[in-house]
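Asks: Sequence plus the predicted model coming up.
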Amino acid sequence: MADPPTQVHGHALVGAALVGGQSQVRALQLYVRSPSDLDGQVRVSLTTADGRIRGDGSFQGQAGKGVWIPLTLDPKDGKRLRPDPLSPDRIAVSVRYVARGGTTERPLIASWEAPVDPTTAKLRLYVNSRRAPEMLARATNGQYISCRRAPDKSTVRFDTLCELPLANVTDSKGEVELLRRDGFDESMQRVTVGW
């Protein structure tokens, strides 16, 4: 959907994706990792930092533990995201799994490229920092790492990118802390990204 209505909500974490060496994506293929045996629905949402593009889709099926599932993203109107190719810094992806017959959503890790070397891969978090001057992130037992501003001038959906070594995220079983600093005010939020 181009130019969707702006939705205002309080979620700090907008999306999460595994990144390696890829600097551009054509939004045709997405890979999703199943942390355990899956049987149900995988829901995918895409959004750009400026909020000009939004996409939602769902896939039904089964997968074994530790498998990377390739998903083909095919817009209904046949149009591709513009610009094409798109920088992965500019488009957030959120993937959730719902077991057959269930209602609880569990986050899953996505990747824009075929699974990369886990020793060098990073988990990128797309964060709405509410324009705090400083945003930090860490895996539960790791050191805080400074986040960086998203490259877009208009940041409606997300404004910050936080990148953590995948090894740290795996050790913490996907539990991550986001620390927002604004002057003397600090607020911390724990999220589980699923690994």
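Replies: Received the coordinates, thanks.

Asks: Could I get the full set of strands for this structure?
Replies: For the chain, the strands defined by DSSP state E cover 13-19, 29-33, 38-48, 54-63, 68-72, 91-99, 106-111, 122-127, 134-139, 145-146, 148-149, 160-165, 175-182, 185-192.

Asks: Can you get me a residue count around S187?
Replies: For S187, the neighbour count with other C-beta atoms under 10 Å is 12. C-beta here means a position set from N, CA and C on the backbone, and glycine is covered the same way.

Asks: wait, what's in contact with it?
Replies: S187 makes contacts with 179-180, as judged by C-beta atoms under 8 Å, 6 or more residues apart in numbering.

Asks: Same list, the strands of the chain, but as JSON lines with mean pLDDT please.
Replies: Converted to JSON lines, the strands of the chain look like this (pLDDT from 0 to 100):
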{"stretch": "strand 13-19", "mean pLDDT": "85"}
{"stretch": "strand 29-33", "mean pLDDT": "85"}
{"stretch": "strand 38-48", "mean pLDDT": "89"}
{"stretch": "strand 54-63", "mean pLDDT": "87"}
{"stretch": "strand 68-72", "mean pLDDT": "86"}
{"stretch": "strand 91-99", "mean pLDDT": "89"}
{"stretch": "strand 106-111", "mean pLDDT": "86"}
{"stretch": "strand 122-127", "mean pLDDT": "89"}
{"stretch": "strand 134-139", "mean pLDDT": "87"}
{"stretch": "strand 145-146", "mean pLDDT": "92"}
{"stretch": "strand 148-149", "mean pLDDT": "92"}
{"stretch": "strand 160-165", "mean pLDDT": "90"}
{"stretch": "strand 175-182", "mean pLDDT": "87"}
{"stretch": "strand 185-192", "mean pLDDT": "84"}
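
Asks: Looking at those strands, which one is packed in the most?
Replies: strand 122-127 (a mean of 24; mean count of other C-beta atoms under 10 Å).

Asks: packing partners for that one?
Replies: If contacts are counted by 3 or more C-beta pairs under 8 Å, 6 or more residues apart in numbering; DSSP states H and E, strand 122-127 sits against strand 13-19, strand 134-139, strand 160-165, helix 166-171, strand 175-182.

Asks: The last one to strand 185-192, inter-axis angle?
Replies: Put plainly, it is strand 175-182. Interaxial angle, strand 175-182 versus strand 185-192 (axes from the mean of the first three to the mean of the last three C-alpha atoms, to 10 degrees): 160 degrees.
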